[in-house]
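Q: with the sequence up front, the predicted model follows.
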Amino acid sequence: MKILYDHQIFTLQKFGGISRYFAELLKANPDARLSLCRSDNVYLRDELAQRYNLLLNTGGGNNLMTLVRALLKADFGVSHPTYYVRYFLAHLRDKSSVRALLKADFDVFHPTYYDPYFLAYLHKPFVLTIHDMIHEKFPAYFNQNDKTGFNKKNLALKSSKIIAISASTKNDILALYPEIAAEKITVVYHGASMKPAPLDVNVEKENYLLFTGNRDGYKNFSTFAQAVAPLLLRYGLRLICTGRPFDSPELALLSELAIADRTVCRFAAEEELADLYAKAVAFIFPSLYEGFGIPILEAFAAGCPAILSNTSSLPEVGGDAAAYFDPYNVEEMRKAIESVITSPSLQKELVVKGRTRLSNFSWEKCAKKTAAVYAGAV
């Protein structure tokens, strides 16, 4: 079956869970179409770049991004212009997707994000993946002019089928969009791209805790820092974070908590990230809300004990292979982390259970269930 995917998420993200998901679906379907000619997304390299003749990090695309970024910063004082540049480029690249839609050489369309630009040109079924309901449940964390929630609902109502990436997300969709019938939504779990490390290999742990990904808003980094600070000092631990560099408020918080000299931030490519998981005493995921939580599977694959929020989809993914805490409660979070880092036997138990739990999730299973949804949409 020929599925057409558009450019949206590959323009909006250089890396991230949503673009990784769609890259895995593309890999699984040799008959897939992709309306994209240029991208700097890390998951579109090698195999997919050759298949679709993609231009990566070369020529006018990067020059255009640099120019628009400079204009935004100089003329409008935008402090983080790359975000807005990507949206600008996304609108420019809608034209290539429209041409592919009008050509109609596909059976089902699967947009990679929530921009409804395609509705006027599409005359075939489309399937929408809803990754979470964060904009609807936590609107205070988003700009009031952000149309993501509005666009998502519009597409959800008009789609032929909906994929929810967890039962938790499906329940949120049904609660927030009561017009949608439960039968229209299929739960399809994500997989883990990180290759599982052999459990019989004794990896020497280093004296640090690991926090990965974004730290903004609902990711709950500030509360986590308050919870973990006494533990870093008490047990001589370090904290390693991955992602963008710390901003000024974060640096001020770490300094106030007296852990600035114990905390570092790294941009980690996939191979380095696997090593960071493997050598960490524990991975902590204090997010207030997640639609799924790929980092949990990454921790399981690397043999890293996982300590998670007890909210949204995280217990659904982690099962009995993780320790849990209330992400709003600093003391409870601290106690849960301390109970793991001071117990080698509990760490070993969580690692073994994590590997068993990991077997429930794979990109192969995801692609197979997704193909069934496409078939049902025709």
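A: Sure thing, it's come through.

Q: element containing L210?
A: strand 208-211 (DSSP states H and E).

Q: let me see the residues that make contact with that strand.
A: 221, 224, 228, 231-232, 237-242, 276-277, 279-284, 286, 304, 337, 341 (Cβ atoms under 8 Å, 6 or more residues apart in numbering). Where C-beta positions appear, they are placed from N, C-alpha and C, glycine not excepted.

Q: next SSE after that strand?
A: helix 221-235.

Q: list of residues touching that next one?
A: 209, 211, 215, 237-239, 250, 253-254, 257-259, 262-263, 284, 286, 327-328, 330-331, 333-334, 337-338, 341-342.

Q: got the buried residues for that helix?
A: Neighbour-count burial for helix 221-235 flags F221, T223, F224, A225, Q226, A227, V228, A229, L231, L232 (criterion: 16 or more other Cβ atoms under 10 Å).

Q: please tell me how far the second one sits from V352.
A: Counting by Cβ to Cβ, to the nearest Å, the gap from T223 to V352 is 30 Å.

Q: do the third one as well
A: F224 sits 26 Å away from V352, taking Cβ to Cβ as the criterion.

Q: with L48 instead?
A: 35 Å.

Q: who's more crowded, these two?
A: Counted by other Cβ atoms under 10 Å, L48 and V352 do not tie: L48 has more neighbours, with 19 against 13.

Q: separation between K335 and F325?
A: 7 Å.

Q: strands along the stretch 51-200 of the chain, start to end?
A: Along the stretch 51-200 of the chain, counting by DSSP state E, counting those that start in this stretch, strands occupy 55-56, 108-110, 127-130, 161-164, 185-187.

Q: mean confidence for the second one?
A: Read that as strand 108-110. The average pLDDT within strand 108-110 is 98.

Q: and if you look at stretch 289-300?
A: Here the average pLDDT along stretch 289-300 is 97.

Q: how about stretch 7-22?
A: 92.

Q: can I get that stretch in CSV, CA atoms only?
A: Taking C-alpha atoms only, stretch 7-22 is exported to CSV below (Å, rounded to 0.1, in the frame of the first residue of the first chain):
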residue,chain,number,x,y,z
HIS,A,7,7.4,17.3,5.3
GLN,A,8,6.0,18.9,8.4
ILE,A,9,7.8,17.3,11.4
PHE,A,10,11.0,16.9,9.4
THR,A,11,11.1,20.6,8.9
LEU,A,12,10.0,21.5,12.5
GLN,A,13,12.4,19.0,14.2
LYS,A,14,16.1,18.3,13.7
PHE,A,15,15.6,15.4,16.1
GLY,A,16,12.9,14.3,18.5
GLY,A,17,10.4,11.6,19.3
ILE,A,18,7.8,12.4,16.6
SER,A,19,10.3,12.7,13.7
ARG,A,20,11.9,9.5,14.9
TYR,A,21,8.5,7.7,14.8
PHE,A,22,7.8,8.8,11.2
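
Q: related to what we said a few turns ago, in the strand holding L210, what's buried?
A: Y208, L209, L210, F211.

Q: how many other residues sit next to the nearest residue to the first one once chain neighbours are set aside?
A: In other words, Y208. Closest residue to Y208 apart from its sequence neighbours, by Cβ to Cβ, 6 or more residues apart in numbering: R238 at 4.1 Å. Per other Cβ under 10 Å, the neighbour tally for R238 reads 17.

Q: so who does R238 touch?
A: N207, Y208, L209, L232, R262, T263, V264.

Q: phi and psi next, for it.
A: phi -110, psi 160 (degrees, to the nearest 10).

Q: pretty sure Q8 contacts Y113?
A: Yes. Counting by Cβ atoms under 8 Å, Y113 is a contact partner of Q8 at 3.9 Å.
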